[in-house]
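In: Predicted structure and sequence below. I'll ask about it afterward.
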Amino acid sequence: MSLIDDLIAGVDYPDAVIRDVRVGVGWTAVLSARCGVAKTYGLASAHHNRIRNAGALIGQPAVEIAEYARSLNPLEASVGVAALSSMIEPKGDIGRNAMDLFKERLRGKRAVMVGRFPVEVAELAQSAADFWILELNPALVNPEERVLPVTAAPSILSAAEVVAVTGSTLITQSLEYYLSLCPTAYTIVLGPSTPLSEVLFRYGVNVVAGTEVVNPDALLAVISQGGGRIHPSTFGNAIRYRMMTAPTVAE
C-alpha cells in the first residue's frame, strides 16, 4: 500500500460527508467532520485547471474526495489532501512550534529543509554542520543561498541527519519519495498541509506538526477572500498549531 492508501484507511471519520469546499489563491479548505486545509497548487495555468465534479462536491462522501489526493492535477490534489485532513481528529500538543524544534535538532548536524519556509537561512546554516534547502519552485533556487532544486534530493537527503519536510509534498506526490531517501534521519513533517495522522510514523517520521482549525467559518471566510499565509497574524483564533511525536522517540 502507498502512503495515500494508508492515510485514507486510517482516518477517524470515514463516514463524513463534504459540507463545504473553498479553493482560495493561497489555500484550499474542505469542511466535513472537521476542517482540513492544504496549499493551493495549480493556479499558474488557471485556464486549464478543473476539479472533477466542481459545483457538486457538497454532500459527497469525504473519503471519495480524499481520493483526489492521488490526482496528477495539482489543484485537484490540493482538494484531496484537504478532504483527507477533514476526516482526521487533531491530536498532539497544542501551540508547540515545530520550526523551533528543527532549529534545536540541527545544531552541529547535517540538516536539510524540503520546501522554502520563511526562516533565516544564514542563522540555520551557521548553527548546523551543513545545511541545504530543496525547493520545487525554480524561481526560488539559488545555490549561493543554499537553495537547491529538488533534483538534488537523492544525494542531499541521503547524507542528512535532521530533515524538515513541508506537508505540501503530499500534494505533489513526493512526500513518500523524500521519506524513503532519509530513513535514518530525524524527520519532521510540518506545515498546514500536513495531515495530523499517526500513520506518518510508520514511514519513519519522528514528528508530525500541522494546523487544527478551531473556527471553520472564520477560516473559510479568510481563504475565500484571498487570505495568505496560514498564521495567527492572518487567521487569528481560527487556528492553532498541533505537534505529535512518534511514541518510540524520546523528546
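Out: Thanks, I have it.
In: which one is the residue nearest the centre of the chain nearest to, not counting chain neighbours?
Out: By Cα atoms, centre = their mean, the chain has its centre lying nearest to Gly167, at 1.9 Å. Counting by Cβ to Cβ, 6 or more residues apart in numbering, Gly167 lies nearest to Thr194, which is 3.0 Å off, once chain neighbours are set aside. Just so you know, the C-beta spots here come from the backbone N, C-alpha and C atoms, and that holds for glycine as well.
In: and that neighbour, how many residues sit next to it?
Out: Neighbour count for Thr194, taken as other Cβ atoms under 10 Å: 30.
In: Isn't it up against Val207?
Out: No. Using Cβ atoms under 8 Å, Thr194 is not in contact with Val207, being 10.1 Å away.
In: Report the contact partners of Met243.
Out: 92-93, 96-98, 101, 207-209 (Cβ atoms under 8 Å, 6 or more residues apart in numbering).
In: now those residues: which count as buried?
Out: Buried subset of the contacts of Met243 (neighbour count, 16 or more other Cβ atoms under 10 Å): 92, 98, 101, 207-209.
In: Strands - which of those land there?
Out: In strands, judged by DSSP state E, the following of those are found: 207-209.
In: Buried ones in stretch 198-212, by neighbour count?
Out: For stretch 198-212, a neighbour-count test (16+ other Cβ under 10 Å) marks 198-201, 203-212 as buried.
In: Quick one: the helices in the chain, in order.
Out: 3-9, 62-66, 74-85, 98-105, 121-127, 153-158, 175-181, 216-224, 232-235 (DSSP state H).
In: Looking at the ones you listed, which is nearest to Val147?
Out: With Cβ to Cβ as the measure, helix 121-127 is the member of those nearest Val147 (7.7 Å).
In: Kindly present the buried residues of stretch 198-212 as TSV, with separate columns for pLDDT and distance to Leu7.
Out: Output for the buried residues of stretch 198-212, formatted as TSV (pLDDT from 0 to 100; distance: Cβ to Cβ, whole Å):
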residue	pLDDT	distance to Leu7
Glu198	97	10
Val199	97	5
Leu200	98	8
Phe201	97	12
Tyr203	97	10
Gly204	96	15
Val205	98	12
Asn206	97	17
Val207	98	17
Val208	98	11
Ala209	97	16
Gly210	95	13
Thr211	94	16
Glu212	95	17
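In: In those residues, find the pair that's most separated.
Out: Longest distance between any two of these is 23.8 Å, between Gly204 and Glu212; criterion Cβ to Cβ.
In: show me what contacts the closest residue to Phe102 other than its chain neighbours?
Out: Using Cβ to Cβ, 6+ apart and skipping the chain neighbours, the partner closest in space to Phe102 is Ala164 (4.6 Å). Neighbouring residues of Ala164 by Cβ under 8 Å, 6+ apart: 98-99, 102, 111-115, 117, 187-188, 190.
In: go on, Arg96?
Out: Arg96 neighbours (Cβ under 8 Å, 6+ apart): 209, 241-243.
In: What is the nearest of the residues you listed to Ser224?
Out: Distance to Ser224, by Cβ to Cβ, is smallest for Tyr241 among the contacts of Arg96, at 22.4 Å.
In: Can you check the pLDDT for that closest one?
Out: Tyr241 carries a pLDDT value of 93.
In: now do the one 5 residues further on
Out: Ala246 is assigned a pLDDT of 95 by the prediction.
In: Correct me if wrong: it contacts Val205.
Out: Yes. Counting by Cβ under 8 Å, Val205 is a contact partner of Ala246 at 6.8 Å.
In: List the buried residues for stretch 103-113?
Out: Using 16+ other Cβ under 10 Å as the test for burial, stretch 103-113 gives 103, 105-106, 109-113.
In: for the residues you listed, which one is nearest Ala69?
Out: Among those, and counting by Cβ to Cβ, the member closest to Ala69 is Met113, at 23.0 Å.
In: Sweet, I'm off.
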